[in-house]
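Peer 1: Fold the stuff below for me.
(chains A and B)
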2 protein chains.
Amino acid sequence: MAGKRISSGIGEIELLRAIRRRTAQGGRGGAVRLGIGDDCALLGIEPGEEIAITTDLSIAGRHFQLDWHPPESVGHRTLARGLSDLAAMGARPIAAFLSLGLPRQLTLANSRGGSWADRFFDGLFRLANAHKTPLAGGDLAESPVALADIVLVGAVPAGASLRRSGARPGDLLYVTGELGGAAVGLARLAGSGGRLRGSRNPERVPLGLARHLYPQPRVSVGLALRQRRLATAAIDLSDGLSTDLAHLCEESGVAALLETEKLPHAKGASLDQAVHGGEDYELLFAARPSVRMPRSIGGVPVTRIGYLLNPSPGQPVVLASSGQTVAPLEPRGWEHFR
Amino acid sequence: MAGKRISSGIGEIELLRAIRRRTAQGGRGGAVRLGIGDDCALLGIEPGEEIAITTDLSIAGRHFQLDWHPPESVGHRTLARGLSDLAAMGARPIAAFLSLGLPRQLTLANSRGGSWADRFFDGLFRLANAHKTPLAGGDLAESPVALADIVLVGAVPAGASLRRSGARPGDLLYVTGELGGAAVGLARLAGSGGRLRGSRNPERVPLGLARHLYPQPRVSVGLALRQRRLATAAIDLSDGLSTDLAHLCEESGVAALLETEKLPHAKGASLDQAVHGGEDYELLFAARPSVRMPRSIGGVPVTRIGYLLNPSPGQPVVLASSGQTVAPLEPRGWEHFR
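Peer 2: Down below sits the predicted model:
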């Protein structure tokens, strides 16, 4: 990010101006017809397209820790959550919006360089540029707790999006990449009590932390699944495989058998971390058994991990097999207000 | 709201299900092709339309007070902020998205009936239904501080939206409704130390409080201004006339003279409250002097309050006249991180 640093501690208007300058430098997608600076942003889509929209709220102490996470990672992860939702629909990103609430001190430059806010935007814009996704608007407010609500807007040909609800009994179940890597990284970070903050540069982060600090949303894989009609349904793995698989089953009206010995573990990940750990931002999807599934898409491995069944009333929705044993799998991923 | 109450304290999934039920009851606009329950919502617009998007963050202790504001008012005001931004663009609302962060206790039912969250949604859905704006998605999280980020999505014929940037020197300056009413209500609420909480029903609120607790976004006025090509530029009055007029001038590259004796004061509002008080959610707009401006639009009064000038380098952007005296007008409305 060669852009100008955000001038700090001089009010909302100046902060907005600085963000606006950086956004323009980040390149604007053709879809943004009017960006930051009016009551609304204006976006255009192609004839025959629908708009896909998702919002994801990240709050200090819940979704990230000011003590553990480099600000660049918080900015990256904030945007990654939204991009991953677009990926799961097979939508192409066209714009992002950010509502940011920060304690005043996080907008002030410190002795080591830019403010927390500067570094947050470094991480956010780096990922936004990689996905050619301009920041088209948002809101700023002073807040007792740091928080970021990201809105991602995508476009997809009408009727062609991947949904959670399209799977049928008999479909095979696939996952991209590896599972549990984010949980491994989180455990290491948490265990270090803040000593292990990782790098501000995603290319120099120790491998065991990268999957947690700088997860890669599978946008191009989602697009390929949709364009090549490979999948009947998809969801991104944000809350954890056990929970997200239950969501897919519920929306599709199916049950599932997860073959746990087939799960692609990230290095160091336990079975528990692979099955219940959240924030891997891989894609979980279903496909007809007749589909010839590639072993990788755009360099990302694709692994078959189970299949879908007719649901039985009163029976568990998700079963897990391990060798000859089959047992119900409780969703034990993340849920708020629990 | 005859809808079912949100079951409380039983986790995010159940809370989401309850919101989903109420949203469906609220009627869905034709634009929402896929609502709550997938990774993204899907929206459709008419051929030749653009999408208008705005986000507004409301945080307890900053934008509302848990002690003073009935939860219904917080829900209403959260949505009103976004609808008002669409009004200022002349866009028709097609969907809303809400990211809600709440302390756990605000999701629990209490002895007097529903939880804080229930009553928040009562207020939000009442206004959403009045504007036929379905809640199409969002996010929920447990948070140490109550906060709501609202996203409004609208549609407008391409190239036809009202913008802040379209005004020219010589244009006349108009405002809808009355000014300072929200500031009067806020002062009364704050002065009462929480004793004066007003009603949960917008139709039974004492008049002096209604403009603050239940402001009415000027959506239909904005649509009329755009459809009848009455305005060259518009902005909504959220931060206060002095600040929002400066924004309009900056984006249009003009200066302004505000004739303060012409300002339509709300009952009990001082000149200071009319000029600097925020959150009235009226529309401020410019029009060519040749336009025959109606004295009201859809029952909402329209008042001429000044005119626009060529800007002079080094000179103040906004001047205010009072009788024979003309003086610079500093923007003294709301600004964060100041």
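
Peer 1: For chain A, give me the ranges with low pLDDT.
Peer 2: Applying pLDDT under 70 to chain A flags the ranges A:1-13, A:24-29, A:193-199, A:334-338.

Peer 1: Let me see the ranges of the strands in it.
Peer 2: In chain A, the strands defined using DSSP state E lie at A:32-34, A:41-43, A:49-59, A:92-102, A:135-142, A:147-157, A:172-176, A:233-236, A:255-259, A:283-287, A:296-297, A:300-309, A:318-322, A:325-328.

Peer 1: So which residues make contact with the shortest one?
Peer 2: To tie it back to what came earlier, the one meant is strand A:296-297. With contact meaning CB atoms under 8 Å, 6 or more residues apart in numbering or on different chains, strand A:296-297 is reached by A:176, A:220-221, A:224-225, A:302. C-beta: built from backbone N, CA, C; applies to glycine.

Peer 1: now the strands of chain A in a markdown table, with mean neighbour count?
Peer 2: Formatted as a markdown table, these follow (neighbours: other CB atoms under 10 Å in any protein chain shown):
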| stretch | mean neighbour count |
| --- | --- |
| strand A:32-34 | 19 |
| strand A:41-43 | 26 |
| strand A:49-59 | 25 |
| strand A:92-102 | 26 |
| strand A:135-142 | 24 |
| strand A:147-157 | 27 |
| strand A:172-176 | 23 |
| strand A:233-236 | 28 |
| strand A:255-259 | 20 |
| strand A:283-287 | 28 |
| strand A:296-297 | 16 |
| strand A:300-309 | 19 |
| strand A:318-322 | 18 |
| strand A:325-328 | 10 |
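
Peer 1: quick revisit: just the closest of the contacts of strand A:296-297 to chain B, please.
Peer 2: residue A:225 (12.9 Å; CB to the nearest CB).

Peer 1: Can you tell me how far the residue most central in space within chain A is from residue A:94?
Peer 2: The structure's chain A has its C-alpha centroid closest to residue A:81; by CA atoms, centre = their mean the separation is 2.7 Å. Remark: distance between residue A:81 and residue A:94 (CB to CB, to the nearest Å) = 17 Å.

Peer 1: and if you look at residue A:68?
Peer 2: To residue A:94, residue A:68 is 33 Å away according to CB to CB.

Peer 1: what do you get for residue A:126?
Peer 2: From residue A:126 over to residue A:94 (counting by CB to CB), the distance is 19 Å.

Peer 1: Same check on residue A:137?
Peer 2: Counting by CB to CB - residue A:137 and residue A:94 are separated by 13 Å.

Peer 1: ok, the closest residue to residue A:250 other than its chain neighbours - contacts?
Peer 2: Leaving aside its chain neighbours, residue A:250 sits nearest to residue A:317 (6.8 Å; criterion: CB to CB, 6 or more residues apart in numbering or on different chains). By CB under 8 Å, 6+ apart, residue A:317 lies in contact with A:246, A:249-250, A:255-256, A:311.

Peer 1: Tell me where the stretch 151-300 of chain A has helices.
Peer 2: Applying DSSP state H, counting those that start in this stretch to the stretch 151-300 of chain A gives helices spanning A:181-191, A:207-213, A:219-227, A:241-252, A:271-276.

Peer 1: Give me the helices and strands touching the third one, please.
Peer 2: Using 3 or more CB pairs under 8 Å, 6 or more residues apart in numbering or on different chains; DSSP states H and E as the contact criterion, the neighbours of helix A:219-227 among helices and strands are helix A:71-89, strand A:92-102, strand A:283-287, strand A:296-297.

Peer 1: One more: the fourth one?
Peer 2: When contacts are defined as 3+ CB pairs under 8 Å, 6+ apart, helix A:241-252 sits against strand A:233-236, strand A:255-259, helix A:271-276, strand A:283-287, strand A:318-322.

Peer 1: so which of those comes closest to residue A:208?
Peer 2: When the helices and strands packed on helix A:241-252 are compared by CB to CB, helix A:271-276 sits nearest residue A:208, at 12.2 Å.

Peer 1: now for the closest one, which elements pack on it?
Peer 2: helix A:181-191, helix A:241-252.

Peer 1: Can you name the residues in contact with the last one?
Peer 2: In this case it means helix A:241-252. Outside helix A:241-252, the residues that touch it by CB under 8 Å, 6+ apart are A:163-168, A:173, A:175, A:179, A:233-239, A:255-256, A:258, A:263, A:274-278, A:284, A:286, A:308, A:311, A:317-318, A:329-335, B:37-38.

Peer 1: Kindly report the same for the first one.
Peer 2: Contacts of helix A:181-191 with the rest of the structure, by CB under 8 Å, 6+ apart, involve A:65, A:68-69, A:196-198, A:208-213, A:215, A:266-269, A:273, A:276-281.

Peer 1: that older thread, turn the helices and strands packed on helix A:219-227 into JSON lines, including distance to residue B:53.
Peer 2: Listed next are the helices and strands packed on helix A:219-227 as JSON lines, based on distance: least, CB to CB, whole Å:
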{"stretch": "helix A:71-89", "distance to residue B:53": "13"}
{"stretch": "strand A:92-102", "distance to residue B:53": "6"}
{"stretch": "strand A:283-287", "distance to residue B:53": "26"}
{"stretch": "strand A:296-297", "distance to residue B:53": "31"}
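
Peer 1: Those: which one's closest to residue A:324?
Peer 2: Comparing the helices and strands packed on helix A:219-227 by CB to CB, strand A:283-287 comes nearest, at 24.8 Å.

Peer 1: near chain B at all, that closest one?
Peer 2: No. Using CB under 8 Å from any CB of the partner chain, strand A:283-287 stays clear of chain B, coming no nearer than 9.8 Å.

Peer 1: elements contacting that strand?
Peer 2: For strand A:283-287, the packing partners by 3+ CB pairs under 8 Å, 6+ apart are strand A:172-176, helix A:219-227, strand A:233-236, helix A:241-252.

Peer 1: Out of those, which one sits most buried?
Peer 2: strand A:233-236 (a mean of 28; mean count of other CB atoms under 10 Å in any protein chain shown).

Peer 1: Give me the helices and strands touching it, please.
Peer 2: helix A:71-89, helix A:241-252, strand A:283-287.

Peer 1: Go ahead and confirm the residue nearest to the centre of chain A touches residue A:238.
Peer 2: Yes. Checked against CB atoms under 8 Å, the pair residue A:81 and residue A:238 is within contact range at 6.6 Å.

Peer 1: overlap in contacts of the two?
Peer 2: Jointly contacting residue A:81 and residue A:238 under the rule CB under 8 Å, 6+ apart are residue A:281.

Peer 1: what sits against residue A:40?
Peer 2: Neighbouring residues of residue A:40 by CB under 8 Å, 6+ apart: A:34, A:137, B:52-54, B:85-86, B:88-89, B:91, B:152, B:154, B:161.

Peer 1: which among these gets closest to residue B:74?
Peer 2: Using CB to CB, the contacts of residue A:40 come closest to residue B:74 at residue B:152, 16.6 Å.

Peer 1: Report the contact partners of the nearest residue to that closest one once chain neighbours are set aside.
Peer 2: Once flanking residues are discounted, residue B:152 sits nearest to residue B:82: 3.4 Å by CB to CB, 6+ apart. Neighbouring residues of residue B:82 by CB under 8 Å, 6+ apart: B:54-56, B:96, B:150-152.

Peer 1: do the same with residue A:44
Peer 2: By CB under 8 Å, 6+ apart, the residues touching residue A:44 are A:30-31, A:33, B:50-51, B:158.

Peer 1: rerun that using 10 Å as the cut-off
Peer 2: Contacts here follow CB atoms under 10 Å, 6 or more residues apart in numbering or on different chains; on that basis residue A:44 touches A:30-34, A:94, A:155, B:45, B:48-51, B:158.

Peer 1: can you list the residues you listed in CSV and add distance to residue B:323?
Peer 2: Output for those, formatted as CSV (distance: CB to CB, whole Å):
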residue, distance to residue B:323
A:30, 52
A:31, 50
A:32, 46
A:33, 44
A:34, 40
A:94, 52
A:155, 55
B:45, 50
B:48, 49
B:49, 47
B:50, 44
B:51, 46
B:158, 45
